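S.K.: Sequence plus predicted model, see below.
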Amino acid sequence: MSLRRKLLLSMLLPAVLLAVVGAIGLLAVRHLEQAAGRILSANYRSIQQARVMEQALDAIERTGTDAIGREARSSGTRTAVQLFEDALTRCVDNVTEAGEPEVLERIGGTWGELQDAVAVGREADPFLAALRRDLDALVAINENAMVAHERLTRRTGAVVAVGVVVATLLALGALAALAAISARRIAGPVVEVATQLHQALNPGAPRPGAVRSVDEIGRLRTELAALLERLARYEDEQKRRLLRVEDRLAFVMNEVLEGLVLLDADRRILAANRVATEILGPGAEVGRLLGTLAVRDDVRRVLGPVLDGTCGTETDLEELPFEIAGQPRVFRPRVLSVPAPGEVSRGTLVLFWDVTEQREFERARDRLLSLLSHQLKTPITALSMAVSLLRERLVSVPPADAELLAIATEESARLSALVGELIGTARDAAPGLALRPRRIELVRLLVRALHPLAAQASTLGVELVLPHAAVWADVDPVKFPWIVTNLVGNALRYTRRGDRIVVAVTESAEAAEVSVADTGAGIAPELLGRIFEPGFSADREPGTGTHGLGLAIAREIVTAHGGTIDVESEPGRGATFRVRLPRHPGGPS
């Protein structure tokens, strides 16, 4: 059966239903006409309450008007006064016609005047007569309205009946026309969709010609079935590709040296590679709870925060020595939280970073540092002894030569102290920039450390201005002078004859500040953010002794003291370095 015929048949059924609705509408209108009296119930209630007020007035006249001004209620019985007032209230609440509010307002006013007249002993008959006239007027208004509403309802019912008949006939004709038009307009797009699906699924096939009396729905169903079959084949291909990607990912996970474990919110294993499986021990399979595995005691102790759920979003755990494939390795576990939209955490990723090579490098570095410091100790000690002996023998020498001997003595002492620091660092189990601060007079310490550079500045024709006022601070007496000697040494390298270098030390309630300002070449703005990087040099061709480490070491020492270092510079106008150290309570030691 063609789609047109199906649509025609499907439209006939609504037409029949519409005819039934029209018949029901006629019956409903007829029922409306017969029930006109019920529609006017509101007017009837007003008339009824007016009669109640008349009866109350009759009762008042029989019992005497003095009942109006006092409490005349027996137990459980309402008086005529109460009946009148209640009926008046109901009439006021049930106003439906024009003119009723004015009549009710007069009744209320007359009733109040009646009560006032009784209270002062005046004649009540005129007020009672006025009330009866107004009540008759109220009844007349509602009776006339009932008659008018009844006539209007009957006329309306007749008009509605005619309208329903006409509307039903027009609707039947329009529905029949709509059915024919819809049959033509819907069948065409369905056939076109089926044709487009056929061409999309068979790009090389010719466009089918128009066919009359064809099952359009059946044709569309056939083309959709072919499309679903192709989609199913595409889905199978995507599944196979996904499986291949998962296999490759599993291969990569198992080949890396790091251990990977993915846990859900309940700490159940979702995935684990080969290294992680060896660390967690037998039974570390997908679906197992991490807390139920029979892991080694040291592994369980290291993973305690994971088992307790006390890890943050990114937490480094204690290092874990473990033997993998017969080789001793060192792992540093890191716990990462896997976030989820709208949730705190969907799961946890545990990474066992292999830091074996890093630890071996650190041990080799420490051995080299120990060897280097030990081998430097002997020649520096001999050099210090030689300089001391030479100074003792050359008692009567010119002042310039005596100053050179003093500088050599001081530098020998500084080299000896530096070698001592290197030896102490090599012996330390956790090497680092260990400070031994003590309360010291800062200006005297810096002037003594800059004494050799003062002679160099004099030779170069650069004026070196040193501070004089005493400032006390808690610093390491060996390492802190390295900061200023590095800064002044750099300033000498970038100044010319006639330039000036000023070293100043100031203090406030919060900090002590050491500044080194020069009038040399200055620093380019694009280099200011990099000058403290290790190995960075502003020179295109660094000269002898310039390794790009001085400022990096200075910043590290300042940071270890809890202070800050910054620089201001303008090319051609020099540079100013400022070192700020926090003040601590207490006086000089």
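M.R.: Yep, it's here. It should be emphasised that the depicted structure is a prediction, and the values quoted were computed from it without experimental measurement.
S.K.: quick one, strands of the protein?
M.R.: Using DSSP state E, the strands of the chain run over 259-264, 269-272, 314-316, 320-324, 327-340, 343-354, 438-441, 463-465, 472-475, 500-507, 511-518, 564-569, 575-582.
S.K.: The ones you listed: lowest mean pLDDT?
M.R.: Mean pLDDT is lowest for strand 343-354 out of the strands of the chain, coming in at a mean of 77.
S.K.: Could you list the domains of this protein?
M.R.: Domains of the chain are assigned by automatic domain parsing as 1-204, 257-354, 360-427, 438-582.
S.K.: In terms of mean pLDDT, which of the ones you listed ranks lowest?
M.R.: With a mean of 68, domain 360-427 has the lowest mean pLDDT of the domains of the chain.
S.K.: Look at residue 486 and say how many residues are nearby.
M.R.: Residue 486: 20 surrounding residues under other Cβ atoms under 10 Å. Bear in mind the C-beta positions are built from the backbone N, C-alpha and C, glycine included.
S.K.: For residue 552, see how far away it is.
M.R.: Distance, residue 486 to residue 552, by Cβ to Cβ, to the nearest Å: 10 Å.
S.K.: ditto for residue 284
M.R.: Note on residue 284: its distance to residue 552, by Cβ to Cβ, is 45 Å.
S.K.: Touching, residue 63 and residue 80? I think so.
M.R.: Yes: using Cβ atoms under 8 Å, residue 63 makes contact with residue 80 at a distance of 7.0 Å.
S.K.: Of the two, which one has the most company?
M.R.: residue 80 (20 against 14).
S.K.: Would you map the helices across the stretch 51-200 of the chain?
M.R.: Using DSSP state H, counting those that start in this stretch, the helices of the stretch 51-200 of the chain run over residues 80-93, 100-120, 125-201.
S.K.: Specify the angle between the last one and helix 100-120 in degrees.
M.R.: Taking axes from the mean of the first three to the mean of the last three Cα atoms, to 10 degrees, one finds helix 125-201 and helix 100-120 inclined to each other by 150 degrees.
S.K.: can you give me the angle helix 125-201 makes with helix 80-93?
M.R.: Counting by the same axes, to 10 degrees, helix 125-201 lies at 40 degrees to helix 80-93.
S.K.: Which secondary structure elements does helix 125-201 sit against?
M.R.: Contacts defined by 3 or more Cβ pairs under 8 Å, 6 or more residues apart in numbering; DSSP states H and E place helix 125-201 against helix 3-34, helix 36-39, helix 41-63, helix 100-120, helix 216-255.
S.K.: likewise the first one?
M.R.: Contacts defined by 3+ Cβ pairs under 8 Å, 6+ apart place helix 80-93 against helix 41-63, helix 100-120.
S.K.: Pick the most deeply packed of those.
M.R.: With neighbours taken as mean count of other Cβ atoms under 10 Å, the helices and strands packed on helix 80-93 reach their highest mean count in helix 41-63, at a mean of 18.
S.K.: Show residues contacting that helix.
M.R.: Helix 41-63 is contacted from outside by 67-68, 72, 80-81, 83-84, 87-88, 90-91, 94-97, 100, 107, 128, 131-132, 135, 138-139, 142-143, 145-146, 149, using Cβ atoms under 8 Å, 6 or more residues apart in numbering.
S.K.: will you turn the strands of the chain into TSV that also has mean neighbour count and distance to residue 41?
M.R.: TSV is the format used below for those (neighbours: other Cβ atoms under 10 Å; distance: least, Cβ to Cβ, whole Å):
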stretch	mean neighbour count	distance to residue 41
strand 259-264	20	71
strand 269-272	18	75
strand 314-316	12	79
strand 320-324	16	92
strand 327-340	16	65
strand 343-354	17	63
strand 438-441	14	106
strand 463-465	16	113
strand 472-475	22	101
strand 500-507	18	101
strand 511-518	21	95
strand 564-569	16	93
strand 575-582	20	94
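S.K.: Residue 526 is nearest to which of these?
M.R.: With Cβ to Cβ as the criterion, residue 526 lies closest to strand 564-569 of those, at 11.5 Å.
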